[in-house]
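>>> Just the structure for this:
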Amino acid sequence: MTPREPREQGPWSNPGFLLWRVTLRWQRAVAGVLRPLGLTHPQFVVLASTWWLGRDGQPPSQRELAEHTDMDAMTASQVARALEAKRLIRREQDPYDTRIKRLYVTEEGLALARKAIEAVESVDVAYFEPAPDGAAFVEALLALAPPPGSAAAHPSTPVVARAGGEHRAGRADDREE
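Below is the predicted model:
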């Protein structure tokens, strides 16, 4: 995309503004189905992602979870602690590296994750149904936010212009807690 005068086309031709509106509407719909389950949207993402990443028997570290969800490590840690307090996940020190916390979904967490995933997937189907060509839509989203470690992955900290030169927009401290 090339920059243009802000008033030239208005907000209805601006992809950032439109993505903002789509995201807010989708998040409200997701929050509506998660609320009765006692989960916030970030808690759902962490719970479902912990299950997904650990499905092969190797529990993810908090850092792996943060990379998968694109959350900063501190936020992922705080959400994981909240889920631990609800007894939906366990956080344990890695037996080989005490700096690493491994995440395990509990039986109660697995049962809730399954219900929540089903509820959120139903929202996704209904919400994104009007989008033309679902597969192409997903491919376009993957082009903007590729999975970590993929060949297409690009830094999640874009370079932004500011007075005095470029600045890499930073992420919060990546320590595991």
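>>> so how far is the first residue of stretch 53-72 from its last?
17 Å (CA to CA, to the nearest Å).
>>> give the contact list for residue 32.
residue 123 (CB atoms under 8 Å, 6 or more residues apart in numbering). All C-beta spots, glycine's among them, are computed from the backbone N, C-alpha and C.
>>> what about it, distance to residue 112?
Look at residue 32 and residue 112: by CB to CB, to the nearest Å, they are 17 Å apart.
>>> Identify, by residue count, the longest helix of this protein.
If you go by DSSP state H, the chain has its longest helix at helix 107-128.
>>> If you count neighbours, what's buried in that helix?
Across helix 107-128, burial judged by 16 or more other CB atoms under 10 Å covers 109, 112, 113, 116, 119, 120, 123.
>>> Ok, stretch 81-92 next?
Across stretch 81-92, burial judged by 16+ other CB under 10 Å covers 82, 83, 84, 86, 88, 89, 90, 91.
>>> element containing the first one?
Looking back up the chat, that one is residue 82. helix 73-85 (DSSP states H and E).
>>> now the angle between helix 107-128 and that helix, please.
Counting by axes from the mean of the first three to the mean of the last three CA atoms, to 10 degrees, helix 73-85 lies at 120 degrees to helix 107-128.
>>> Spit out the contact partners of the spatially most central residue of the chain.
Nearest to the mean C-alpha position of the chain, by CA atoms, centre = their mean, lies residue 69 at 3.6 Å. Residue 69 makes contact with 45, 46, 49, 76, according to CB under 8 Å, 6+ apart.
>>> Are we agreed that residue 104 is in a strand?
Yes. Residue 104: assigned to a strand according to DSSP: H, G, I helix; E, B strand; the rest coil.
>>> All further residue positions should be reported with the first residue as 29.
Taking 29 as the first residue, the last one we looked at is residue 132.
>>> got the phi/psi numbers for the residue nearest to it when sequence neighbours are not counted?
The shortest distance from residue 132 to any residue other than its chain neighbours is 4.4 Å, reached at residue 118 (CB to CB, 6 or more residues apart in numbering). Dihedral pair for residue 118: phi -120, psi 140, per degrees, to the nearest 10.
>>> from memory residue 118 sits against residue 112, does it?
Yes. Between residue 118 and residue 112 there is a contact under CB atoms under 8 Å: 6.6 Å.
>>> What pLDDT does the model give residue 85?
Residue 85 is assigned 91 on the pLDDT scale.
>>> tell me the phi and psi of residue 63?
Residue torsions, per degrees, to the nearest 10, at residue 63 are phi -50, psi -50.
>>> Burial check on it, number of neighbours?
11 (other CB atoms under 10 Å).
>>> same check, this time on residue 107
Using other CB under 10 Å, residue 107 has 24 neighbouring residues.
>>> what residues are up against the nearest residue to it once chain neighbours are set aside?
Computed as CB to CB, 6+ apart, the closest residue to residue 107 that is not its neighbour in sequence is residue 74, at 4.5 Å. Going by CB under 8 Å, 6+ apart, residue 74 touches 93, 97, 99, 104, 107, 108, 111, 117.
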